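Colleague: I would like the atomic coordinates for the input below:
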Amino acid sequence: MAGGSLFRSEEMCLTQIFLQVEAAYCCIAELGELGLVQFRDLNMNVNAFQRKYVNEVRRCESMERILRFLEKEIEGEQIVTQDSEEDPPKAPLPRESIELEAVLEKLECELQETNRNHQTLKNDFLELNELKHLLKKTQEFFEKEVNIPDELNEDSNALLELHGAPAATGKLGFITGVIRREKMASFERLLWRACRGNIYVKQSDMDTEVKEHVRKEEVKKNAFIIYFQGEQLNLKIKKICDGFRASVYPCPENANERRETVTGVNTRLEDINIVLNQAEEHRKRVLQEAARNLQNWKMKVQKMKAIYHTLNMCNIDVTQQCLIAETWCPVTDMDKIKQALHQGMEQTGSTVAPIVTVINSKMEPPTFNRTNQFTAGFQNIVDAYGVGTYREMNPGLMKLDHVLEDNILLQLDPAVPGVYSGNPYPFGIDPIWNIATNKLTFLNSYKMKMSVVLGIAQMMFGVILSLLNHLYFKRMNIVLQFIPEMLFLTCLFGYLVFMIIFKWCAYDVHTSHQAPSILIHFINMFMFNYNDPTNGPLYTYQQAVQSFLVILALVAVPWMLLIKPFVLRANHLKSQRMVVAFTCILTRSNQKASGPEEIEVDILQPDPSSHSDRDGGHDEHADEFNFGDIFVHQAIHTIEYCLGCISNTASYLRLWALSLAHAQLSEVLWTMVMHMGLCSSSWGGLIGVLIIFAAFAVLTIAILLVMEGLSAFLHALRLHWVEFQNKFYTGTGHKFTPFSFEAILSGFTEDA
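Modeller: Coordinates of the predicted model:
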């Protein structure tokens, strides 16, 4: 099977691509649009800052910084960015990227300059607004207390007595300003103590809240006026104002001058307001223009950055004219990849076509399972357990979309005949059992046995799937592992299924009281005890059949444990003898001849170090052989399988437990809730039914659908992951992570 599906992963190949330096950017861009190539990092030992395209990456990061700045400004203005309705833009060419960088830098400078001017005007506007309110309050102070110096005579006289006659002729000064209301009390108290009471403070609440230019929030402030005498108090008061971050404004002493100042402030406020509105309109126009192209710019820059990161993973030859890349890609898509490279070459006008060669490697290829929107969810559940080993069987076997398309009953379409009409299903439990007195006894026994039958059938199916893996990889495990595993499972647990079905068929309702216990038979089978008079045989020759099956199962255990390690050891010794014999032949030929034979020997025995260097040290199939490790690994596998068959069979009984819990919850909800409403025959019962049905519906959705549904999903997940998948699925691979612009723009990239 060369191709791939959900049944088995895609066949992958390691390719080496030679690109002309001038055409490399466009070729990588086309591969990113295609999304089918995973690049290997050929510069693992090179620091990220020492790679060839580090300057281009920095330019892209600088453009990303500008775009983040623009996005923040656009969000601040609550401008809606326009999503691109068309297909995402292609990665810009190198010359287009220079133009894009210039546009973004110009836009950033323009916005920063606009923001600075706007902030300066805004600060001036806020200060003038504070001054306007302060002048209004100051005018009220002077109008109410025109004779403030006379009121201060008592304090002033005490001050003049201390300082003598020169101070008596001193003139009272005043300082006006505004301060946050919550700071006013401590501000006034500190002034009083620092100035020793030689001041007079008058303060008043401002009627409107004033916006601060530092915190950009509206706060409640108080206007104050401080009267003092002397230059020292003047300096001390100003320092205290600075400490409390109070805004101090000059205030004329004359009433006419104060009125002129108010008029001038109002005029300046109107002028600044006009300029602010014009600046904001201009800024909004610039941001609206940027918002129309923001998403396209972001996608272009992301693509450019991804391309340069990918180019940094390539090697450059000694002539500095050719880039060498190594990629993993699906074999079936080689033609698409070559076509994409040819398109990239045509975009740059290059005349040198890219060269794609498939190289052999011992590295394990990545696992690639093609999915669509529907099957991707189920594949992700499988990958959560472990990414499949390359080309091994995929547990997501069936294409579930095809199942829905082919099975019309699963579509739940009311128009499909048979959904609401037709006959009862011919296979299942007769509903009459719901009113039987021995309902639980019968249903529990039936569900328990059905759980065991379904579980063993699924485990056998898993072992059969391991056979398909062995056939595909052409391993010797068919004889050394599959046959003993199948014998052990079939002879013991397959026989248990046979006894269950045989008992169902051999005994009917009239002879069921004579039916022997399967559990006792199964226990006696391992103990070779067939003399139990209370439990008769199911069929004739049962003793011989059961003894043969137990012995066959016991033989399968050492078969599984011992034969494979010794066969691998014999094959290893045989290959070593062949290498020694081949070396002896070459040595003898070298002794008889010279020159050409030596060259032939060198060709036949290449330097292994070169290969390991090229593979990057990820050789998954080294020739090193350790018999002890292999034997221990096989012993662990044997013990795990034998004990797992027992524990896994018991684990499938959770199906019985889930079914029992679901049935009991359904019955309780019907009996204790809905049935109560239906029993009422009065007119009030009609309203009661509506209320009770609402409660019944809520409880059904919350308990049966949500809680029980989640529980059933988790149990089913456990049965598929552990009981089923461990029979054939190793899950030790690594996921195929192609270089894809779609994944990068969606934000679902993973580290390779």
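
Colleague: ok, residue 543 to residue 525 distance?
Modeller: Taking CB to CB, to the nearest Å as the measure, residue 543 falls 9 Å from residue 525. From N, CA and C alone the C-beta is placed, and that goes for glycine too.

Colleague: actually residue 351, sorry about that
Modeller: To residue 525, residue 351 is 79 Å away according to CB to CB.

Colleague: tell me which of those two has more neighbours.
Modeller: When residue 351 and residue 525 are compared for neighbours, residue 525 comes out ahead with 21 against 8, by other CB atoms under 10 Å.

Colleague: can you classify the nearest residue to the more buried one once chain neighbours are set aside by secondary structure?
Modeller: Distance criterion CB to CB, 6 or more residues apart in numbering; nearest residue to residue 525, sequence neighbours excluded, is residue 546 at 4.6 Å. The local conformation at residue 546, judged by DSSP: H, G, I helix; E, B strand; the rest coil, is helix.

Colleague: over to residue 739?
Modeller: The assignment at residue 739 comes out as coil when based on three-state DSSP.

Colleague: so who does it touch?
Modeller: Residue 739 sits next to 28, 31, 32, 35, 37, 38, 39, 306, 310 when contact means CB atoms under 8 Å, 6 or more residues apart in numbering.

Colleague: would a markdown table of these with neighbour count and secondary structure be doable?
Modeller: Putting these into a markdown table (neighbours: other CB atoms under 10 Å; DSSP: H, G, I helix; E, B strand; the rest coil) gives the following:
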| residue | neighbour count | secondary structure |
| --- | --- | --- |
| 28 | 30 | helix |
| 31 | 27 | helix |
| 32 | 23 | helix |
| 35 | 14 | coil |
| 37 | 25 | coil |
| 38 | 21 | strand |
| 39 | 22 | strand |
| 306 | 23 | helix |
| 310 | 22 | helix |
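
Colleague: closest to residue 482 among those residues?
Modeller: Taking CB to CB as the measure, residue 38 is the one of the contacts of residue 739 closest to residue 482, at 32.8 Å.

Colleague: correct me, but that closest one touches residue 740?
Modeller: No: with contact defined as CB atoms under 8 Å, residue 38 and residue 740 do not form a contacting pair (9.4 Å).

Colleague: ok, then the element right after the helix or strand where residue 484 lies?
Modeller: Assigned by DSSP states H and E, residue 484 belongs to helix 483-489. Secondary structure here is assigned by DSSP H and E; on that basis, the next helix or strand after helix 483-489 toward the C-terminus is helix 495-506.

Colleague: touching whatever helix or strand comes next after that following helix from outside, list them.
Modeller: Sequence order places helix 518-527 as the next helix or strand after helix 495-506, per DSSP H and E. Outside helix 518-527, the residues within contact range by CB under 8 Å, 6+ apart are 495-496, 499-500, 503, 530, 532, 534-535, 538, 542, 546, 549-550.

Colleague: can you select the buried ones among those for me in PyMOL?
Modeller: Typed into PyMOL, the line below selects the buried ones among the contacts of helix 518-527, using 16 or more other CB atoms under 10 Å:
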select buried, resi 495+496+499+500+503+535+538+542+546+549+550
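
Colleague: same list, the contacts of helix 518-527, but as JSON lines with pLDDT and distance to residue 252 please.
Modeller: Written out in JSON lines, the entries for these read as follows (pLDDT from 0 to 100; distance: CB to CB, whole Å):
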{"residue": "495", "pLDDT": "95", "distance to residue 252": "112"}
{"residue": "496", "pLDDT": "95", "distance to residue 252": "107"}
{"residue": "499", "pLDDT": "94", "distance to residue 252": "112"}
{"residue": "500", "pLDDT": "93", "distance to residue 252": "108"}
{"residue": "503", "pLDDT": "91", "distance to residue 252": "113"}
{"residue": "530", "pLDDT": "83", "distance to residue 252": "122"}
{"residue": "532", "pLDDT": "79", "distance to residue 252": "120"}
{"residue": "534", "pLDDT": "82", "distance to residue 252": "119"}
{"residue": "535", "pLDDT": "84", "distance to residue 252": "118"}
{"residue": "538", "pLDDT": "89", "distance to residue 252": "118"}
{"residue": "542", "pLDDT": "90", "distance to residue 252": "121"}
{"residue": "546", "pLDDT": "93", "distance to residue 252": "117"}
{"residue": "549", "pLDDT": "95", "distance to residue 252": "115"}
{"residue": "550", "pLDDT": "95", "distance to residue 252": "115"}
